[in-house]
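Engineer: no sequence for this one, just the structure:
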Ligand SMILES: Cc1cc2nc3c(=O)[nH]c(=O)nc-3n(C[C@H](O)[C@H](O)[C@H](O)COP(=O)(O)OP(=O)(O)OC[C@H]3O[C@@H](n4cnc5c(N)ncnc54)[C@H](O)[C@@H]3O)c2cc1C
């Protein structure tokens, strides 16, 4: 069956949009599917701020003209630091409208292999045939829920990705479980909207990063200790920022540095906001049961109590078998390690022509891939790999490297 597109990109978050921007610029026939910034818009709490610094929160396009600074200049919308999620979503939408105007806000239902490429079936029934597929489907299906809460309805116990508007818990007693940025920020937001919140951390203490901001920003010290994306501990951060170098390290070193770089912690600016929040460390929930409109918790210190809601900010465990759109035959052809595909050059999996970007690339390209900062490297790499592969098979590209889109600065008056 003849392919109708060169590449299909699945996903319109930071990775999908950046990859599509670069692929578009090479003049390939690209179809892009997904809802613009949907995970940020719907699965993170309103009022949240990004933990990643300014430089590490940029989407990538050829020449990088579509930065957050360009967004501010073009729209007149001011972006404060740390970056509020509302503005980041607006930035993503603005980026999409300039760099990926060919995005189709449609859902992919199934991807299957067929002779000469892939068959991509959309939820509305259309079938697209393509030579390559770039999957940037994000982490939403990988949310980790604790088994202790398995029998409870969502009204009583939910994952943090299921709660966008935390003000609905005003006046209620809420336990937040977890010790990472998401747990800490959710606890702060709940406290600020007058919920009676307790943060329960399994570890003996909450770990903080950016406690002394000058260590990250004061030159030349900051630049020696931390690379620009600021992912990972001092010095290790430099290897993390160079995925091609990171890939060459012995596997044991990669695994150890990956764990160190993405272990749960909170950014220092949250600390004052948690001053009046009750934080219990070294404590875990042993069991939970519904008692009318409330949940009864039995805790590891022998105590028990009733709460109105339990919010599990317990993170995400990558397992691409949970991407419902991957056909079973495709999944069984993937070489996986603990749910992550093993990726070769150009983020290509063991299924030729099938690429994975974002969190599923963590095993092969390192912890940078868990963050927006990795989108630039991933997008450039996948676009050059796909383009070279096309040249190798002797097919001409219509308009190699089109000029990057120009941004016309115009001010739009609106509320701050
Ligand atoms: C609470 C929280 C806070 C975070 N804060 C930061 C931060 O400050 N800085 C940072 O760098 N990282 C942060 N992260 C990590 C962040 O999620 C990732 O960096 C980023 O979202 C990865 O982008 P992505 O493009 O891979 O995925 P996503 O942004 O999740 O995008 C996935 C895309 O796939 C699309 N999609 C999914 N399934 C289908 C389908 N079947 N058909 C079509 N489209 C589909 C969706 O519509 C969406 O457009 C945070 C994560 C969480 C949970």
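Structural biologist: Sure, I can see it. Predicted, not measured: the structure shown is a model, and the values here were computed from it. Residues are numbered from 1 along each chain as shown.
Engineer: would you map the helices across the stretch 201-350 of the chain?
Structural biologist: 214-217, 221-225, 236-240, 243-246, 251-261, 328-332 (DSSP state H, counting those that start in this stretch).
Engineer: name the surrounding residues that touch the last one.
Structural biologist: Outside helix 328-332, the residues that touch it by C-beta atoms under 8 Å, 6 or more residues apart in numbering are 111, 112, 113, 320, 321, 351, 354. For glycine as for every other residue, the C-beta is placed from the backbone atoms N, C-alpha and C.
Engineer: and these as CSV, adding distance to the ligand, pLDDT and secondary structure?
Structural biologist: Shown next, in CSV, are the contacts of helix 328-332 (distance: C-beta to the nearest ligand atom, whole Å; pLDDT from 0 to 100; DSSP: H, G, I helix; E, B strand; the rest coil):
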residue, distance to the ligand, pLDDT, secondary structure
111, 9, 98, strand
112, 14, 98, strand
113, 17, 97, strand
320, 12, 98, helix
321, 14, 98, helix
351, 18, 98, coil
354, 15, 98, strand
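Engineer: how about the residues of the chain by the ligand?
Structural biologist: The chain comes close to the ligand at residues 10-16, 33-35, 38-40, 44, 50-52, 107-108, 136-140, 182, 325, 358, 371-373, as judged by C-beta under 6 Å from any ligand atom.
Engineer: relative to residue 140, how far out is residue 34?
Structural biologist: Relative to residue 140, residue 34 is positioned 11 Å away (C-beta to C-beta, to the nearest Å).
Engineer: narrow the contacts of helix 328-332 to those that are buried.
Structural biologist: Burial by neighbour count, 16 or more other C-beta atoms under 10 Å: within those this picks out 111, 113, 320, 351, 354.
Engineer: show me how far the longest strand belonging to the chain is from its chain's centre.
Structural biologist: Criterion DSSP state E: the longest strand present in the chain is strand 127-135. Distance of strand 127-135 from its chain centroid, counting by C-alpha atoms, centre = their mean, to the nearest Å, is 22 Å.
Engineer: need the residues that contact that strand.
Structural biologist: 1-11, 16, 19, 23, 31, 111, 114, 116-122, 320, 323, 347, 353-357, 360, 382, 386, 389-390.
Engineer: for it, buried residues please.
Structural biologist: 128, 129, 130, 131, 132, 133, 134, 135.
Engineer: can you pull out the strands in the stretch 151-300 of the chain?
Structural biologist: Remark: strands assigned in the stretch 151-300 of the chain by DSSP state E, counting those that start in this stretch are 157-159, 173-177, 196-201, 208-209, 266-267, 278-281, 285-291, 294-299.
Engineer: of the ones you listed, which is nearest residue 67?
Structural biologist: Of all the strands of the stretch 151-300 of the chain, it is strand 266-267 that lies closest to residue 67, at 21.8 Å by C-beta to C-beta.
Engineer: in terms of neighbours, single out the busier of residue 34 and residue 140.
Structural biologist: residue 34 (26 against 15; other C-beta atoms under 10 Å).
Engineer: burial count for the residue lying closest to the more buried one once chain neighbours are set aside?
Structural biologist: What sits nearest to residue 34 in space, not counting adjacent residues and going by C-beta to C-beta, 6 or more residues apart in numbering, is residue 12, at 3.4 Å. Residues lying near residue 12 (other C-beta under 10 Å) number 26.
Engineer: follow-up on the earlier one: okay, the helices of the stretch 201-350 of the chain, which one's buried deepest?
Structural biologist: When the helices of the stretch 201-350 of the chain are scored by mean count of other C-beta atoms under 10 Å, the highest mean neighbour count falls to helix 236-240 (a mean of 22).
Engineer: show me what contacts residue 240?
Structural biologist: Neighbouring residues of residue 240 by C-beta under 8 Å, 6+ apart: 227, 229, 231, 232, 246, 257, 261, 366, 367, 368.
Engineer: residue 359 too?
Structural biologist: By C-beta under 8 Å, 6+ apart, the neighbours of residue 359 are 138, 139, 142, 316, 318, 369, 370.
Engineer: quick check: it vs residue 371, distance?
Structural biologist: Taking C-beta to C-beta, one finds residue 359 at 9 Å from residue 371.
Engineer: what of residue 160?
Structural biologist: 18 Å.
Engineer: need the helices of the stretch 201-350 of the chain in a markdown table with mean pLDDT, can you?
Structural biologist: Listed next are these as a markdown table, based on pLDDT from 0 to 100:
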| stretch | mean pLDDT |
| --- | --- |
| helix 214-217 | 82 |
| helix 221-225 | 86 |
| helix 236-240 | 97 |
| helix 243-246 | 98 |
| helix 251-261 | 98 |
| helix 328-332 | 97 |
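Engineer: columns distance to residue 27 on top of the ones you listed, output as TSV?
Structural biologist: Below are these laid out as TSV (distance: least, C-beta to C-beta, whole Å):
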stretch	distance to residue 27
helix 214-217	40
helix 221-225	37
helix 236-240	33
helix 243-246	26
helix 251-261	36
helix 328-332	28
